[in-house]
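> just need the structure, nothing else, for what follows:
(2 chains)
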Protein chains: 2
Amino acid sequence: MSYFKHHVFFCCNQRKPGETSCNDHHATEMQTYAKDRIAALGLKGRGNVRINKAGCLGRCDDGPVLVVYPDETWYTYVDREDIDEIIESHLANGRVVERLRLPEAP
Amino acid sequence: MSYFKHHVFFCCNQRKPGETSCNDHHATEMQTYAKDRIAALGLKGRGNVRINKAGCLGRCDDGPVLVVYPDETWYTYVDREDIDEIIESHLANGRVVERLRLPEAP
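Model prediction:
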């Protein structure tokens, strides 16, 4: 059994002004929102879901990005509604949100 | 194909004095060391290896910890020699380092 069923990493990187970075798109705020929602839904913890901050995930041009492991599913998002959909569809019910999914292949 | 063949997250969390945290065990220094070694070995980038910082990974009692995804392999480590072994065995050649591996099951 996996230590975490879904382990989610938000890129919360902040670059210098004038350079694109995920945190310009409220990444840290969205990570906190997701963490709180997962706790409120009772999905938090061992064998279930963990929501983490991470440094630059290396997909700046696709940002803001998050990745769900071990599923290996990359997403972009705009607002809380997108985060809610990822939580309710993917993290709670295992159904990938195709409209927000980023390609995996390099 | 995976965006990253091995995506490594070091817990670099720093708690208050008196509380155990991965960063008390030189986690940030070890993450930088690993990142530089991966670059020097030509293993860095898309389709290959990425070394990331992360917030608390939720396994404080097992710390310092890192996790390799999508492999879903959790490790602890003490020093650069342990990091070198994880790089050379697992990240470069796909062989898990059993002596440093943490249990996955909750």
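> and residue A:45, what does it touch?
residue B:58 (C-beta atoms under 8 Å, 6 or more residues apart in numbering or on different chains). C-beta here means a position set from N, CA and C on the backbone, and glycine is covered the same way.
> which non-adjacent residue is nearest the residue nearest the centre of chain A?
Among the residues of chain A, the one closest to the centroid is residue A:66, at 3.5 Å (C-alpha atoms, centre = their mean). Spatial nearest neighbour of residue A:66, chain neighbours left out: residue A:10 (4.7 Å); criterion: C-beta to C-beta, 6 or more residues apart in numbering or on different chains.
> same check on residue A:75?
Counting by C-beta to C-beta, 6+ apart, residue A:75 lies nearest to residue A:100, which is 4.7 Å off, once chain neighbours are set aside.
> from what I can see residue A:34 touches residue A:85, true?
No. Residue A:34 is beyond contact range of residue A:85, at 11.4 Å (criterion: C-beta atoms under 8 Å).
> before we move on, back to that, quick check: the residue nearest to the centre of chain A vs residue B:21, distance?
Shown here: residue A:66 relative to residue B:21, a distance of 24 Å by C-beta to C-beta, to the nearest Å.
> can you name the farthest residue from the center of chain A?
Outermost residue of chain A (C-alpha atoms, centre = their mean): residue A:18, 24.0 Å.
> report pLDDT for that one.
For residue A:18, the model assigns a pLDDT of 83.
> returning to what we had before: compare residue A:34 and residue A:85 (neighbour count), which wins?
Neighbour comparison, residue A:34 and residue A:85: the larger count goes to residue A:34, with 23 against 15 (by other C-beta atoms under 10 Å in any protein chain shown).
> returning to what we had before: next up, the contacts around the residue nearest to residue A:75.
Neighbour list for residue A:100: A:75, A:76, A:77, A:82, A:85, A:86 [criterion: C-beta under 8 Å, 6+ apart].
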